[in-house]
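Undergrad: just coords:
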């Protein structure tokens, strides 16, 4: 089984040893410490112990970390350093790590400075937005030349404002003049939405004027805080904007000039993460006056090391196996070939602790399916070389490493199937030979060419599908037997095996009488046993519905026809690209066209079909295979460890 | 006049080319599907530009129907000699009609499945806006729709492959 077996660990130690032990446990990084909230609600426990934990220290670390993250963000946003394709942790020896952090205070001051610079940029941006908005609201009035602070004279009053563009300005003026001759209307500007108007009238006649203004939906615009002419104000705004832009430029330059300290800040970030986690874990410890208590999970393979550590710190501990129905945290352990495919399992869901890890059972089939669907030796070669280079060049970890590694295997499988089916950029070899060299060289398939005999490949695909589904059913049977439900294994899997194998043999026409009886026994058996968990009439109906499930198996197996269809798609699209490329014939002109079409066409074809192969291989595993036995839903094992982001602290050699 | 039209329409080669055209119509489905997914993607990327790559992957998924249609159209054109240099072969009316019929599955199913897959992809893009780590699930839900386009491609291909010329 490739789920690591977990042991339950309970530890009691002296409070004086607590700090040192927690530090070493973190470095070891193999113990998941469980929360104790459940115990604290228990009267018996809460009388004896209290929760350790120091929330305020944790939140203080968090706020310091926030500042540092802002500084690091500022570096990646405004810095000039080239970002690597993958972010990887830098391996560093513990001594060097601690050495580097000797000047912690200085680094933190630097980080604070950078964070404040970055905050300044935000401030400047908001300010610039505000000025910009003010400027925009003034722009339509740029031809209005009365200083803005002038609201009228002793006898007159000015109204600046807008009416919707649907209203007719001439009508508006006419209506006003009808009320009183002694007024002045001027159209300052118009745009798609509104007319900008200036109205001058006598103070005494305000009420009459107001009536007309209301009628036309006149909205007054005021610039109460501005002085001087519109033009001079706009000029002032422009000046302000360029001053802001200049300052922003300066601040960015300052951040750039400090980017040499980026690495130091990253070290500080990681060391604070470690300290924060050490403070945070205390909320999972229980305390009495002189001792502490913790419990958690340890993978069995790491038990020796943990025991040694606990003994060194003079702790009393107990190790138990979990009871049968207990959910344990899940850690997957697989061989070197299988482990990259854990990523596919994780993308679905981790297994729960009562089932088995599906990874070793589908790793090979995943690679085969992927290869058959892409089925082009050249594409496979590109994927293989690309992933191999990435693996060599970057120190990838975790999921990214697994995915890249998985694509490496899938690439190799693609090369294999490409050679079997004779695909190298589709039919490029023969097209080039024919167009440019007038010869008949072809990239001969080792097995056969799917375009020539698609039925053969269809049968082969369905056969693979049948085997794949049978493996899934076998795993289901294994789980049933392991849990002591032998009858379930016989009825739910054994009978189906009989029926499906019998039907398949009948279809092919081999061992006719035997096949017939196999099918009949299987079908009748399913009919009789399918409803055994139901009551009354359900027993009868259950049998029929179970047998009707045969349509499901049919659909499952036919689903594998996509292996043929997607394989053809890659090959034919590649052939289309090659044909288009060779349209101009041989010669230099033809060669240029061919190269252009070749690069664009094959890049596109490779990307879209790699995506398709990835998605459809996953689907075959998730739906057809996992559907037979897999539930998932386990919690990942999350050990108390140094969860650094930028630096990987190497363990001391032993 | 009407005889000329009848000669044109009831003509094996014409029917076969019409078949290729119908197969290529599967692109309608992809265009609609990719469009729907793209609208959703823009909405999500507006909130978080870092999700561009993930959203793009999901948006690309409904694009395959168009490719399948192209593929069948290409195979038809190659079979009747339009592509490949030998020139258009004279087909009997039944031969043309068979090829025409064979193009229907991918042409029709491509349109509808492409659109439906686009909607599933758009929903998947909404999924990654909240939970980017679950992109694989969104992809699988989207790929469930594509199954039917794959089956249509397969059946169209097998039919055309079976027509003797």
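TA: Here it is on my side, so go on. Because the structure is a prediction, the values reported are computed rather than measured.

Undergrad: anything in the helix or strand where residue A:472 lies sitting right up against chain B?
TA: According to DSSP states H and E, residue A:472 maps onto helix A:454-482. Yes: applying C-beta under 8 Å from any C-beta of the partner chain, one finds helix A:454-482 touching chain B at A:454-455, A:458. Every residue, glycine included, has its C-beta placed from N, CA and C.

Undergrad: Selecting buried members of those in ChimeraX, what would you type?
TA: The buried residues among the residues of helix A:454-482 next to chain B can be selected in ChimeraX (16 or more other C-beta atoms under 10 Å in any protein chain shown) with this line:
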select /A:454,458
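
Undergrad: Which of the residues of helix A:454-482 next to chain B sits closest to residue A:571?
TA: The closest of the residues of helix A:454-482 next to chain B to residue A:571 turns out to be residue A:454 (C-beta to C-beta; 10.8 Å).

Undergrad: sorry, back to before: ok, so of the residues of helix A:454-482 next to chain B, who is nearest chain B?
TA: residue A:454 (5.9 Å; C-beta to the nearest C-beta).

Undergrad: excluding its backbone neighbours, what's nearest the closest one?
TA: Using C-beta to C-beta, 6 or more residues apart in numbering or on different chains and skipping the chain neighbours, the partner closest in space to residue A:454 is residue B:161 (5.9 Å).

Undergrad: Quick one: list the elements packing against the helix or strand where the one you found lies.
TA: With elements taken from DSSP H and E, the one containing residue B:161 is helix B:135-162. Here helix B:135-162 touches helix A:342-348, helix A:454-482, helix A:562-581, helix A:587-619, helix B:52-60, helix B:64-79, helix B:93-130, going by 3 or more C-beta pairs under 8 Å, 6 or more residues apart in numbering or on different chains; DSSP states H and E.

Undergrad: what about the fifth one, near chain A?
TA: Yes: for a cut-off given as C-beta under 8 Å from any C-beta, helix B:52-60 has contacts with chain A, namely B:57, B:60.

Undergrad: count of residues packed around the residue in chain B that chain A sits nearest to?
TA: Minimum separation of chain B from chain A (C-beta to the nearest C-beta) falls at residue B:136, amounting to 3.6 Å. A count of nearby residues for residue B:136, using other C-beta atoms under 10 Å in any protein chain shown, gives 18.

Undergrad: For it, give its distance to residue B:143.
TA: For residue B:136, the distance to residue B:143 (C-beta to C-beta, to the nearest Å) stands at 10 Å.

Undergrad: Would you mind grabbing the residues shared as contacts by those two?
TA: Common contact partners of residue B:136 and residue B:143 (C-beta atoms under 8 Å, 6 or more residues apart in numbering or on different chains): residue A:618.

Undergrad: Now residue 30: phi and psi?
TA: In the absence of a named chain, chain A is used. phi -130, psi 10 (degrees, to the nearest 10).

Undergrad: Quick check: residue A:491 vs chain B, distance?
TA: 29 Å (C-beta to the nearest C-beta, to the nearest Å).

Undergrad: Assign a three-state SS to that residue, would you?
TA: Secondary structure, DSSP: H, G, I helix; E, B strand; the rest coil: residue A:491 is helix.

Undergrad: same question, residue A:195
TA: strand.

Undergrad: got a list of what residue 109 touches?
TA: In the absence of a named chain, chain A is used. With the criterion set at C-beta under 8 Å, 6+ apart, residue A:109 makes contact with nothing.

Undergrad: actually it's chain B I care about, not the one you picked
TA: Residue B:109 neighbours (C-beta under 8 Å, 6+ apart): B:26, B:148-149, B:151-152.

Undergrad: do residue B:118 as well
TA: B:29-30, B:32-37, B:62.

Undergrad: Next: residue A:76.
TA: With C-beta under 8 Å, 6+ apart, residue A:76 has these contacts: residue A:83.

Undergrad: so it, which of the three states?
TA: Classification of residue A:76 using three-state DSSP returns helix.

Undergrad: Got the confidence number for it?
TA: Looking at residue A:76, its pLDDT is 88.

Undergrad: quick one on the thing from earlier: can you give me the angle the helix holding residue B:161 makes with helix B:52-60?
TA: In terms of direction (axes from the mean of the first three to the mean of the last three C-alpha atoms, to 10 degrees), helix B:135-162 departs from helix B:52-60 by 30 degrees.

Undergrad: which SS state does residue A:449 fall under?
TA: Quick answer, by three-state DSSP: residue A:449 is coil.

Undergrad: Show me what counts as buried in the worst-scoring helix or strand of chain B on mean pLDDT.
TA: One helix or strand of chain B scores below all others by mean pLDDT, DSSP states H and E: helix B:2-9, with a mean of 81. For helix B:2-9, a neighbour-count test (16+ other C-beta under 10 Å) marks nothing as buried.

Undergrad: what's the spacing between that helix and its chain's center?
TA: Distance of helix B:2-9 from the chain centroid (C-alpha atoms, centre = their mean, to the nearest Å) equals 30 Å.

Undergrad: Tell me the helices and strands packed up against the helix or strand just after that helix.
TA: Counting by DSSP H and E, the element after helix B:2-9 in chain order, helix or strand, is helix B:12-24. Counting contacts by 3+ C-beta pairs under 8 Å, 6+ apart, helix B:12-24 is packed against helix B:64-79, helix B:93-130.

Undergrad: Okay then, goodbye and thanks.
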